[in-house]
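Enquirer: Please work out how this folds:
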Amino acid sequence: MNKITIFTFCCMIYGLVFSQTPANDPHWQLKWQDEFNTFNSDIWSRGDTAAAGGTNQQPQLYLANQVWVSGGNLVIALNNTPITCPTPAPNTNWICEPCIPGKTYKYRSGWVSSNPAYNTRYGYIEARIKFPWRDGKKWGFWPAFWTTQWVNPHTNAAEIDICEIFARNNSPNRFVTARIIAYNPTDNIGTFHELSNFSYADWHTYAIEWDKNRLIWYLDGKPIYSLNDHKVVDPVRLILNLAILNGVNDGQYHPQTSPYFQEYMYVDYVKVYSLKCDKTTEITKITNFTNYNYAVKKSITLDNQTTIPANSNITLRATDFIALLPGFEVDTGRELYLDVTPCSSSGGFGEQPKPDELK
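Expert: So this is what the prediction gives:
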């Protein structure tokens, strides 16, 4: 049998090829999830009579009745029924800004954001989503699954776009991942992904793995992009919305205003995981993986008494180092993933990063 012999003392792997997800890494534990069997108002708030503002100036108004649950899916609907914001404008959940009194919006759409108790800092965040697209149309649908920080004032100080669609490219195989720092626009980072045998009009899972050192974006459980020194350190809320692009020229990418149409964004589930941390334990030997406690250790040492089981995919994580001593071998047909990770705290609303998490 072929064998691979490794003589490296300390192994730190951050490569895309080797990243693991909760599906094959028992270090992850489910923190919370919503499978949308009903609309859970403890987790989500619906935008009601609110508009996307700032520099975007999109033409839709977000309404609570454009969001509902059906068939185990969250449904966000967009249509071309105009609506005028009343005067005075009603109080709203913050989105980007309230609707402008007396202004008529050409389209109605929906938005949901997680409530403060479900805010997250660090972990693995994923959703299974089906986005709208029409063959042959350059309509500027702008759906997204993203995060913003809860900061005061609400300035979107740091944003992670887990998946963002610019439908105007007239192709269903292109989407965007991004990290945006509103207080320093020159530091914004966005990447287009054009993939073969892919259409965002089909069901796909979009995710990020996030710790204090790195962000890794995933599509259907496979890593597609990574970023170190991301500067996103505060708790975030999750957002799902369906907007319309304004276009370079006003209305360039707008859908028709008549006849009537309605398009939908579907979300099957949202799941948030955190790492199990055991940052004080030093593992000097592993002779049996059956009873191994898969939590992030302080350090791990593997020697010639460690055997990776046949047909297995083993993940080991530590905060300080993983030592591979001479004589340690991985037989062909086995997979071993090693990761030195900070195992950062998964904080919530109002909790500030600990000093050691900012180093």
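Enquirer: drop to CA atoms for contacts and neighbour counts, all remaining ones
Expert: OK.
Enquirer: So, low pLDDT: which residues of the stretch 1-150 of the chain?
Expert: 1-19, 49-57, 89-98, 135-138, 150 (pLDDT under 70).
Enquirer: Beta-bridge partners for Val75, please?
Expert: Legend: beta-bridge partners of Val75 under DSSP bridges are Trp68, Tyr266.
Enquirer: list the contacts for it?
Expert: Contacts for Val75 (Cα atoms under 8 Å, 6 or more residues apart in numbering) come out as 67-69, 264-267.
Enquirer: From Thr81, how far off is the closest residue in space to Trp146 that isn't next to it in sequence?
Expert: Leaving aside its sequence neighbours, Trp146 sits nearest to Asp161 (Cα to Cα, 6 or more residues apart in numbering; 4.4 Å). As judged by Cα to Cα, to the nearest Å, Asp161 and Thr81 stand 28 Å apart.
Enquirer: Now do the residue nearest to Ile165 when sequence neighbours are not counted: how many residues are near it, please.
Expert: In space, and not counting its chain neighbours, Ile165 is closest to Phe175: 5.0 Å by Cα to Cα, 6+ apart. Taking other Cα atoms under 10 Å as the criterion, the count of residues near Phe175 is 21.
Enquirer: Tell me the secondary structure at Ala117.
Expert: Following DSSP: H, G, I helix; E, B strand; the rest coil, Ala117 is assigned to helix.
Enquirer: what about the residue nearest to Trp133 when sequence neighbours are not counted, how many residues close to it?
Expert: Among residues not flanking Trp133 along the chain, Ala201 sits closest, at 5.9 Å (Cα to Cα, 6+ apart). By the measure other Cα under 10 Å, the count of residues near Ala201 is 16.
Enquirer: again with Asn291
Expert: 8.
Enquirer: residue boundaries of the helices in the stretch 251-359 of the chain?
Expert: Using DSSP state H, counting those that start in this stretch, no helices are found in the stretch 251-359 of the chain.
Enquirer: Could I get the full set of strands for it?
Expert: Remark: strands assigned in the stretch 251-359 of the chain by DSSP state E, counting those that start in this stretch are 262-275, 282-283, 297-302, 313-324, 329-331, 335-340.
Enquirer: Can you lay out those as JSON lines showing mean pLDDT?
Expert: Converted to JSON lines, these look like this (pLDDT from 0 to 100):
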{"stretch": "strand 262-275", "mean pLDDT": "97"}
{"stretch": "strand 282-283", "mean pLDDT": "96"}
{"stretch": "strand 297-302", "mean pLDDT": "97"}
{"stretch": "strand 313-324", "mean pLDDT": "95"}
{"stretch": "strand 329-331", "mean pLDDT": "91"}
{"stretch": "strand 335-340", "mean pLDDT": "93"}
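Enquirer: looking at these, which is closest to Ile129?
Expert: strand 262-275 (4.5 Å; Cα to Cα).
Enquirer: and Tyr218, which of the three is it?
Expert: Following three-state DSSP, we place Tyr218 in the strand state.
Enquirer: Hmm, it is touching Ile208, no?
Expert: Yes - assessed by Cα atoms under 8 Å, Tyr218 is found in contact with Ile208 at 5.8 Å.
Enquirer: Please identify which of these two sits among more neighbours.
Expert: Neighbour count, other Cα under 10 Å: between Tyr218 and Ile208, Ile208 has more, with 28 against 25.
Enquirer: so who does the more buried one touch?
Expert: Shown in contact with Ile208 (Cα under 8 Å, 6+ apart): 124-126, 162, 215-218.
Enquirer: List the contacts of the residue nearest to it when sequence neighbours are not counted.
Expert: Distances taken as Cα to Cα, 6+ apart place Trp217 nearest to Ile208, at 4.4 Å, with adjacent residues excluded. Each residue near Trp217 by Cα under 8 Å, 6+ apart is listed here: 162, 177, 206-209, 223-226.
Enquirer: what about the helices in the stretch 51-200 of the chain?
Expert: Counting by DSSP H, counting those that start in this stretch, the stretch 51-200 of the chain yields no residue ranges for helices.
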